[in-house]
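**Student:** Have a look at this prediction, sequence included:
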Amino acid sequence: MSFFTSRSTRIVEINHAGAGGLWAELVNNRGFEAGGPNTPSNIAPWSVIGNESSLIISTERSSRFDRNKIALRMDVLCDHEGSNTCPPGGVGIYNPGFWGMNIEQGKTYKLVLYARSLGPINVSVSLTGSSGSTLATANIVDSDVSNWTKIELTLQAKGTDVNSRLQLTTTRKGVVWFDQVSLMPTDTYKGHGFRKDLFEMVKNLKPGFIRFPGGCFVEGEWLRNAFRWKETVGPWEERPGHFGDVWHYWTDDGLGHFEFLQLAEDLEAEPIWVFNNGVSHNDEVDTSSIQPFVQEALDGIEFARGDAKSKWGSIRAAMGHPEPFDLKYVAVGNEDCGKKYYLGNYLEFYSAIQREYPDIKLISNCDGSSRPLDHPAHIYDYHIYSSANNVFAAAQKFDRASRTGPKAFVSEYAVHGSDAGTGSLLAALAEAGFLIGLEKNCDAVEMASYAPLFVNTNDRTYV
């Protein structure tokens, strides 16, 4: 009897599913990099506490981290005494997180930041509620931070407010630089950085696999803004982050290649890595120039599966995971079939990966349900987002699909648009009917996943 290898969900960076969602980082734009590499730059959503007579906020390319050079400079003009006295609460900066930080009474939060100053510093760190109440506070007092200094504090909340913010303030005149400011709850799942409540919701679904890090997020509108896995590994403060130009928001890439692999392992699910094949929505790499991208994919597999002494496996080991991850599936691009260079590029990836990792199954973007593929593949990808009528009718999509050759991976399906709204019985019935069709054709369909799984209600860009 044939059966689904697995049914699961797609956990990808869309609708702030990761940044501001499953990934528990509370600070938005923690490294001040979102405004771009040039200075002066926009520090949003960071904002200023005080006015021009009391402080000047600017950005400089003075960070200690080579891959993200922007740091924030705070020139404090007022003082705790004298003619220009700082207001009682001090002056400084605050970060509202992602539409407010959900601070909960009794919980503890770990603050990590880097600071330096020309003289001694006395900075107040506080979590402040929407009414101005102080939910937690601590002081950073240091007589010598002339060089960049890593500072770590634990804050315990004495109140609850879903619209809290993090404040860094002072009443002392001088110049202070800040960089890479992070605030994380201490109760993330196994300390791996995932919000425990959301993680448990996914765990309870018993997913068979996790497809990551995205679909269009992997491509980018332009290649310069595509997700590049090498920029998302290593210490979090050294990751440059990038602007996801398809979904129009900045990610610090704390949820990176390593974290997605760790997420799959924690969920006891198969990881399915989708990598860029030199194709975005608007530009493509000619097949004659694709080899560096091929090598990048091979390196990404080595990071996941390589020995702890290998070049990329050693970086994984240094991140706390000496044993290889169980990566058996990779997808060459996302929705790129028909693009000018996709097939030529795909064949280069296929040959190289099969030569180095013959057990890995490669997933093609081209639909093989109506006619056989004209290129080798172990699995082919199929997506459907449509009205309830069309999704329901697609239950018959694989009735006549070939029973020999690669099987289908229905990696994205959902009723979309007005029929779906914020969730409807009509959409649920249509999707259930579609799934019945997939199960009826389980000798032609290997895997299926609903998409997208998460949506932040403040960013319903694609549902």
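**Tutor:** Great, that's in hand.
**Student:** Moving C-terminal from the strand ranked longest in the chain, which element do we reach first?
**Tutor:** Looking across the chain with DSSP state E, the single longest strand is strand 174-185. Moving toward the C-terminus from strand 174-185, the next helix or strand (DSSP states H and E) is helix 196-204.
**Student:** Report the separation between Leu298 and Ala377.
**Tutor:** 18 Å (Cβ to Cβ, to the nearest Å). The C-beta positions use only the backbone N, C-alpha and C, and glycine is treated the same way.
**Student:** more crowded one of those two?
**Tutor:** Ala377 (20 against 17; other Cβ atoms under 10 Å).
**Student:** Spit out the contact partners of that one.
**Tutor:** For Ala377, the contacting residues are 350, 362-364, 366, 368, 406, by Cβ atoms under 8 Å, 6 or more residues apart in numbering.
**Student:** Run a quick neighbour tally on Gly234.
**Tutor:** 15.
**Student:** The one 4 residues further on now?
**Tutor:** Taking other Cβ under 10 Å as the criterion, the count of residues near Glu238 is 16.
**Student:** cool, and Gly241?
**Tutor:** Using other Cβ under 10 Å, Gly241 is surrounded by 22 other residues.
**Student:** got the contact list for it?
**Tutor:** Contacts of Gly241 by Cβ under 8 Å, 6+ apart are 31, 33-34, 68, 231, 250-253.
**Student:** Return the closest of the contacts of Ala377 with respect to Thr128.
**Tutor:** Nearest to Thr128 out of the contacts of Ala377 is Ile363 (Cβ to Cβ; 47.4 Å).
**Student:** Next, give phi and psi for the closest one.
**Tutor:** phi -110, psi 120 (degrees, to the nearest 10).
**Student:** show me what contacts it?
**Tutor:** The contact partners of Ile363, taken as Cβ under 8 Å, 6+ apart, are 272, 329-332, 377-381, 409, 411.
**Student:** got TSV for those residues, with distance to Ala432, secondary structure and pLDDT too?
**Tutor:** Shown next, in TSV, are those (distance: Cβ to Cβ, whole Å; DSSP: H, G, I helix; E, B strand; the rest coil; pLDDT from 0 to 100):
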residue	distance to Ala432	secondary structure	pLDDT
Ile272	24	strand	97
Tyr329	26	strand	98
Val330	30	strand	98
Ala331	26	strand	98
Val332	31	strand	98
Ala377	29	coil	98
His378	28	coil	98
Ile379	24	strand	98
Tyr380	24	strand	98
Asp381	22	strand	97
Phe409	20	strand	97
Ser411	18	strand	95
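**Student:** Generate a PyMOL selection restricted to the buried subset of those residues.
**Tutor:** Buried residues among these (16 or more other Cβ atoms under 10 Å), as a PyMOL selection:
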select buried, resi 272+329+330+331+332+377+378+379+380+381+409+411
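**Student:** and the two most separated of the contacts of Ala377?
**Tutor:** Farthest pair in these, by Cβ to Cβ: Tyr350 and Gly368, 14.4 Å.
**Student:** who has more neighbours, the two?
**Tutor:** Gly368 (22 against 18).
**Student:** Surely the more buried one is in contact with Ile379?
**Tutor:** No - using Cβ atoms under 8 Å, Gly368 makes no contact with Ile379, being 9.0 Å away.
**Student:** Tell me which residues of the longest strand of the chain come out buried.
**Tutor:** 174, 176-185.
**Student:** Is it possible to get JSON lines of these that adds distance to Arg165 and pLDDT?
**Tutor:** Listed next are the buried residues of strand 174-185 as JSON lines, based on distance: Cβ to Cβ, whole Å; pLDDT from 0 to 100:
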{"residue": "Gly174", "distance to Arg165": "24", "pLDDT": "96"}
{"residue": "Val176", "distance to Arg165": "19", "pLDDT": "98"}
{"residue": "Trp177", "distance to Arg165": "21", "pLDDT": "98"}
{"residue": "Phe178", "distance to Arg165": "15", "pLDDT": "98"}
{"residue": "Asp179", "distance to Arg165": "19", "pLDDT": "98"}
{"residue": "Gln180", "distance to Arg165": "18", "pLDDT": "98"}
{"residue": "Val181", "distance to Arg165": "12", "pLDDT": "98"}
{"residue": "Ser182", "distance to Arg165": "15", "pLDDT": "98"}
{"residue": "Leu183", "distance to Arg165": "10", "pLDDT": "98"}
{"residue": "Met184", "distance to Arg165": "15", "pLDDT": "98"}
{"residue": "Pro185", "distance to Arg165": "15", "pLDDT": "98"}
